[in-house]
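1. Next comes the sequence, and after it the predicted model I'd like to discuss.
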Amino acid sequence: MTRISRRLRKWTNEMLDLPQDVLLDLPRITLVGNKEISIENHRGVRHFSENRMILSLSQGSLEVEGTGLMIRAILPQEVMIEGIITNIKYSGMGESS
């Protein structure tokens, strides 16, 4: 991402007061204890088993590990997982803004 593009996004965010996840197309991850996780702004499920899930993101991937994982709901932009969550790993690509 170019410096001008980063500045334009920062200025837009400050002027319009938009959330970072909307402006930068970032995932929004909501964790309820270690029992439930909701991920918005994903690009699809790459792998799912009862012990591991890998989601594609606009930049990188998100891996959730645990036991007894099950998909409670899956929508075009959101997925909700239940089970005992033991590890969450975000692997981003590209520059940070």
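-> The structure has been received and is ready for your questions. Numbers count the residues shown, from 1 in each chain.

2. could you list every residue that touches the residue nearest to Glu78 when sequence neighbours are not counted?
-> Of all residues not flanking Glu78 in the chain, Glu40 sits nearest, at 4.7 Å (CB to CB, 6 or more residues apart in numbering). For glycine as for every other residue, the C-beta is placed from the backbone atoms N, C-alpha and C. Contacts were defined as CB atoms under 8 Å, 6 or more residues apart in numbering; by that measure Glu40 touches Asp21, Pro27, Arg28, Ile29, Thr30, Gln77, Glu78.

3. The third one pairs with what?
-> Each beta-bridge partner of Arg28 is listed here: Glu40, as defined by DSSP bridges.

4. My read is that it contacts His42, right?
-> No - in this structure, Arg28 is not within contact of His42 by CB atoms under 8 Å, at 9.8 Å.

5. who's more crowded, the two?
-> Each of Arg28 and His42 had its neighbours counted (other CB atoms under 10 Å), and the higher figure belongs to His42 (22 against 15).

6. From what I see, that one and Gln77 are in contact.
-> Yes - look at His42 against Gln77 with CB under 8 Å: they come within range, at 6.9 Å.

7. Most neighbours among the contacts of Glu40, which one?
-> Neighbours were tallied for each of the contacts of Glu40 (criterion: other CB under 10 Å), and the maximum of 21 neighbours falls on Pro27.
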